[in-house]
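Q: Return atomic coordinates for the entry below.
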Amino acid sequence: MSSLKLVVKISAHVEFTNFKCKVLDHEFCNFEYCAIKAVNRSYKYLTAKVNLYKVPITRVKIGLGLYKRFNGYKPFLYNLTVDACKFFKNPKSNPVFLYVYEFFKEISNVNHTCPYNHDLVLDKLSTETVNYRMTKILSFPKGEYMLEMHWIAYDITRAVVKIYWTIS
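A: Next up is the predicted model:
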């Protein structure tokens, strides 16, 4: 008598749904581009470049909020503000922000301590990278999410970036 075994593999899938970049101080900075690029049906990535007009920048904070959609976007897990200049001197000082930073670390030029005297670039944040980090490193439940980042220089919010995605 033979036995039949059925193996079912369940895996999550991340898909970007929107990417919004809003400048609040046009004399301080401007987005040259901010877009989701689709190479094919399954490969998408985020790309952005912000031109900085008042360099060098020596005081930067990043306000970070993670939201999940429940009849509108509601706070989910994280809402914090980090002094970026201090964080980049000692990244292990804030494990939550370190987790988020590691999404961007290898594909941006925002990976050093202050001062910032150049334009900031995010080059090809792929769905594969996000999928791996959100399903293997720290598992998130299925749903629709938004990461909202407030970029603050000299205690004034200069830009707001929102990344939207779904996990199915």
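
Q: my read: Leu46 touches Val161, true?
A: No. Leu46 is beyond contact range of Val161, at 9.7 Å (criterion: CB atoms under 8 Å). No exception for glycine: its C-beta is placed from N, CA and C like everyone else's.

Q: Just want to know which of those two has more residues nearby.
A: Leu46 (25 against 20; other CB atoms under 10 Å).

Q: Now do the contacts for the residue nearest to that one when sequence neighbours are not counted.
A: The spatially closest residue to Leu46, leaving aside those adjacent along the chain, is Leu125, at 4.3 Å (CB to CB, 6 or more residues apart in numbering). When contacts are counted by CB atoms under 8 Å, 6 or more residues apart in numbering, Leu125 is found next to 45-47, 103-104, 107.

Q: same thing but 7 Å
A: By CB atoms under 7 Å, 6 or more residues apart in numbering, the contact set of Leu125 is 45-46, 103-104, 107.

Q: Same question for Glu15.
A: 127, 165-166.

Q: go with 6 Å
A: Thr166 (CB atoms under 6 Å, 6 or more residues apart in numbering).

Q: who's it bridged to?
A: When bridges are called by DSSP bridges, Glu15 pairs up with Thr166.

Q: one step back: may I have the phi/psi pair for the residue nearest to Leu46?
A: phi -80, psi 110 (degrees, to the nearest 10).

Q: which element is Phe31 on?
A: strand 29-38 (DSSP states H and E).

Q: Now do the buried residues in the longest helix anywhere in the chain.
A: Secondary structure assigned by DSSP state H gives helix 95-104 as the longest helix of the chain. Residues of helix 95-104 classed as buried: 97, 100-101, 103-104 (neighbour count, 16 or more other CB atoms under 10 Å).

Q: Restricting to C-alpha, output the helix or strand bottoming out on mean pLDDT in the chain in CSV.
A: Ranking every helix and strand in the chain by mean pLDDT, DSSP states H and E puts helix 127-132 at the bottom, with a mean of 81. Output of helix 127-132 as CSV, limited to C-alpha atoms (Å, rounded to 0.1, in the frame of the first residue of the first chain):
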residue,chain,number,x,y,z
THR,A,127,10.2,44.2,-4.4
GLU,A,128,12.5,41.2,-3.9
THR,A,129,14.5,43.1,-1.2
VAL,A,130,11.4,44.2,0.6
ASN,A,131,9.8,40.8,0.2
TYR,A,132,12.8,39.1,1.8
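
Q: For that helix, list every residue counted as buried.
A: For helix 127-132, by 16+ other CB under 10 Å, it's 127, 129-131.
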